[in-house]
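Chemist: Kindly generate the corresponding structure for this input.
(chains A and B)
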Protein chains: 2
Amino acid sequence: MSSTTPPSPPSSPFARLSYATRAPSFPNPTARRLLSLASSKRTNLCLSVDVTSTQLLLDIADAAGPYICALKTHADIVEDFDFETTVGGEKGLKAVAEKNGFVIFEDRKFADIGNTVHLQYSSGIHHISSWADFVTAHSVPGPGIVSGLAKAAKPLGRGVILLAEMSSKGNLCDEMYRKKTWEMARENRDVVVGFIGMQRYFESASDSAPDSAAESDATDFLYLTPGVSLTASSDGLGQQYRTPEDVVETSGCDFIIVGRGIYAGVEEHLDGGVLSEKGKEMIRRRCEEYRKRGWDAYERRIGKL
Amino acid sequence: MSSTTPPSPPSSPFARLSYATRAPSFPNPTARRLLSLASSKRTNLCLSVDVTSTQLLLDIADAAGPYICALKTHADIVEDFDFETTVGGEKGLKAVAEKNGFVIFEDRKFADIGNTVHLQYSSGIHHISSWADFVTAHSVPGPGIVSGLAKAAKPLGRGVILLAEMSSKGNLCDEMYRKKTWEMARENRDVVVGFIGMQRYFESASDSAPDSAAESDATDFLYLTPGVSLTASSDGLGQQYRTPEDVVETSGCDFIIVGRGIYAGVEEHLDGGVLSEKGKEMIRRRCEEYRKRGWDAYERRIGKL
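Modeler: Residues are numbered from 1 along each chain as shown, chains lettered A, B, ... in the order given. Next comes the predicted model:
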């Protein structure tokens, strides 16, 4: 424990275990890979890149690569999306991810019935299932959405992350919504690896926090939290921001998702659409700042600091 | 009224008015256009086309054109999507829609924070805001999603349809969820034209059905209902089907959304990827069957049959 007065550690027994210790209990191979990458690279930073140019996406991903365990994409906002150039080819995002050791998660927020999400995930221009290690999905359509995604995800060992909650103001994810989402995940743990959420919610079907991780029906999930910034604040479109310490130490979440906090102002460092060395250095410096804040918070949480 | 024993008409005063009578109360120009098309073409049929080929999408749209008031798309499942060929060019979907007189609604089910949906709606390969008259969105992120879409929708007079409920088994849209969705719509009626829903829910902020449409805070919205089939049934991925009479007469919804019921088996009528005359005839015949069932149900509802 740190010598300053820390926030109370979360009551979840899983939150007190290291990433490496938790990994083997996940039936999904990509969940295990993410935990292993986090552990070996000493980072719980997931960079969210919402840019509309392929070149900039790849440049940011490559600069951030050594500091992150995951990269969150919105392929559908990329204006010049081309399957080979943007994701699949030898200089595409998949190759950048393999070179740097991070997983890609396409934040598609699937939200349709099973048959439709299956097509959206595997077909179309984007062919998401062929390159994204994880995809996000809303639970609002009911369990059919997980079955629809699982048809394409399971043969490839891919994972689904459910939205248990959102960081935006006035969102409709109340406790009953979260509880049902959690139950949907527990029934599909081979595909659903965890949640986008603001805090750890339920660990067992009985809804009370178990005394130990070994308690029979307690189930571990990954929690990834968006809306993270070095200082608490809000934007003009309903998004609220929290600090890495809030998210990891106080709320027991596993991965911090940071977007504009890392690449804001990057357009000032473009030279013919290509990110300059100065721009890359800016990305690296900010990534390292978030990486350290997130990692230290994690180590305090598990009692190593 | 029909001479057989009809189901009780819905209590909503709006459900008893004709499309033409209701049109002027909608501040959104595309909502007025849809009501006007329905009225003049005598159809409340919205065809949902979930196919992965541009040619087939356009062939089905053109065959169905005279029978429908709206066409629902999933542009993101089209494997050979090309902006000009698929939607924007002189033979694209927008031109087919103008020729036949129907509106296009891209069933994107936006479900992210305001800043992201704004980019997803206006950017990317699909440039949805440039060709889709309506888009669907989930209310789960809170009011920011409407603000984000409105930034691109309002200057073009486009409309947003919120998901108040889903037809899939075990969906999480409970009454509180629907109520908050309705309130979000009422506060943004210039952009939000109505709901995807299974029934009319609330007509006023006080939550009780008003006695007349003139009652001060009663607000009219369009209700579009998916999962419609000539016979009630269910598929294997959690989708449940209801009849046009259930949807329009009993539940007071305005538009029936029919998909596989109209184009199932269409692949048997392809000649080098092009829909044969026999295939087009099949589409026309099935469209007319649904059109008549939906229209008769509507006329009984408003007391004209």
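
Chemist: check contacts around the closest residue to A:I257 other than its chain neighbours.
Modeler: Spatially, and ignoring its direct neighbours in sequence, A:I257 is nearest to A:P226 (4.2 Å; C-beta to C-beta, 6 or more residues apart in numbering or on different chains). Backbone N, C-alpha and C define where each C-beta goes, glycine included. A:P226 makes contact with A:48, A:167, A:196, A:257, A:259, according to C-beta atoms under 8 Å, 6 or more residues apart in numbering or on different chains.

Chemist: Look up phi and psi at A:P226.
Modeler: Dihedral pair for A:P226: phi -90, psi 180, per degrees, to the nearest 10.

Chemist: So for it, what's the pLDDT?
Modeler: With respect to pLDDT, A:P226 scores 91.

Chemist: Repeat that for A:P9.
Modeler: 57.

Chemist: likewise A:D112?
Modeler: On the pLDDT scale, A:D112 gets 96.

Chemist: For the residue nearest to it when sequence neighbours are not counted, give me phi and psi.
Modeler: The shortest distance from A:D112 to any non-neighbouring residue, by C-beta to C-beta, 6+ apart, is to B:K109 (5.3 Å). B:K109 adopts backbone torsions of phi 50, psi 60, taken as degrees, to the nearest 10.

Chemist: residues in contact with B:K109?
Modeler: A:111-112, B:136-138, B:163.

Chemist: For A:K99, which non-adjacent residue is closest in space?
Modeler: A:G65 (7.0 Å).

Chemist: hang on, isn't the one you found packed against A:V103?
Modeler: No: using C-beta atoms under 8 Å, A:G65 makes no contact with A:V103, being 11.8 Å away.

Chemist: Check the gap between the single nearest residue of the stretch 1-150 of chain A relative to chain B and B:S234 for me.
Modeler: Nearest residue of the stretch 1-150 of chain A to chain B: A:G144, at 2.8 Å (C-beta to the nearest C-beta). In this structure, A:G144 and B:S234 are 11 Å apart, going by C-beta to C-beta, to the nearest Å.

Chemist: before we move on, what SS does A:K280 have?
Modeler: helix (DSSP: H, G, I helix; E, B strand; the rest coil).

Chemist: who's in contact with it?
Modeler: A:59, A:62-63, A:269.

Chemist: Format the residues you listed as CSV; extra columns: neighbour count, pLDDT and distance to chain B.
Modeler: Rendered in CSV, the data for the contacts of A:K280 read as follows (neighbours: other C-beta atoms under 10 Å in any protein chain shown; pLDDT from 0 to 100; distance: C-beta to the nearest C-beta, whole Å):
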residue, neighbour count, pLDDT, distance to chain B
A:D59, 25, 98, 18
A:D62, 19, 98, 22
A:A63, 25, 98, 22
A:H269, 18, 96, 21
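
Chemist: Which members of the residues you listed occur in helices, if any?
Modeler: Residues of the contacts of A:K280 located in helices (DSSP state H): A:59, A:62-63.

Chemist: Pick out whichever of those sits closest to A:S122.
Modeler: Set against A:S122, the nearest of the ones in helices among the contacts of A:K280 by C-beta to C-beta is A:D62 (27.4 Å).

Chemist: do you know how far the closest one is from B:L17?
Modeler: 60 Å.

Chemist: again with A:L172
Modeler: For A:L172 relative to B:L17 (C-beta to C-beta), the value is 30 Å.

Chemist: Name the residue in the two with the higher neighbour count.
Modeler: A:L172 (22 against 16; other C-beta atoms under 10 Å in any protein chain shown).

Chemist: Spatially nearest residue to that one (excluding sequence neighbours)?
Modeler: Nearest non-adjacent residue to A:L172 (C-beta to C-beta, 6+ apart): B:V140, at 4.8 Å.

Chemist: Any idea how many residues pack against the nearest residue in space to A:D59 that is not next to it in sequence?
Modeler: The spatial neighbour of A:D59 that comes closest, neighbours along the chain excluded (C-beta to C-beta, 6+ apart), is A:L275 at 3.6 Å. Neighbour count for A:L275, taken as other C-beta under 10 Å: 23.

Chemist: Spit out the contact partners of A:L275.
Modeler: A:55-56, A:59-60, A:63, A:266, A:269, A:283.

Chemist: Could you rerun that using 7 Å?
Modeler: Going by C-beta atoms under 7 Å, 6 or more residues apart in numbering or on different chains, A:L275 touches A:56, A:59-60, A:63, A:266, A:269.

Chemist: so how far is A:A61 from it?
Modeler: Taking C-beta to C-beta, one finds A:L275 at 10 Å from A:A61.

Chemist: Next: A:L224.
Modeler: 18 Å.

Chemist: Against which helices or strands is the helix or strand bottoming out on mean pLDDT in chain A packed?
Modeler: Lowest by mean pLDDT, DSSP states H and E among the helices and strands of chain A is strand A:233-234, with a mean of 76. Identification of packing neighbours for strand A:233-234 by 3 or more C-beta pairs under 7 Å, 6 or more residues apart in numbering or on different chains; DSSP states H and E yields strand A:240-241.
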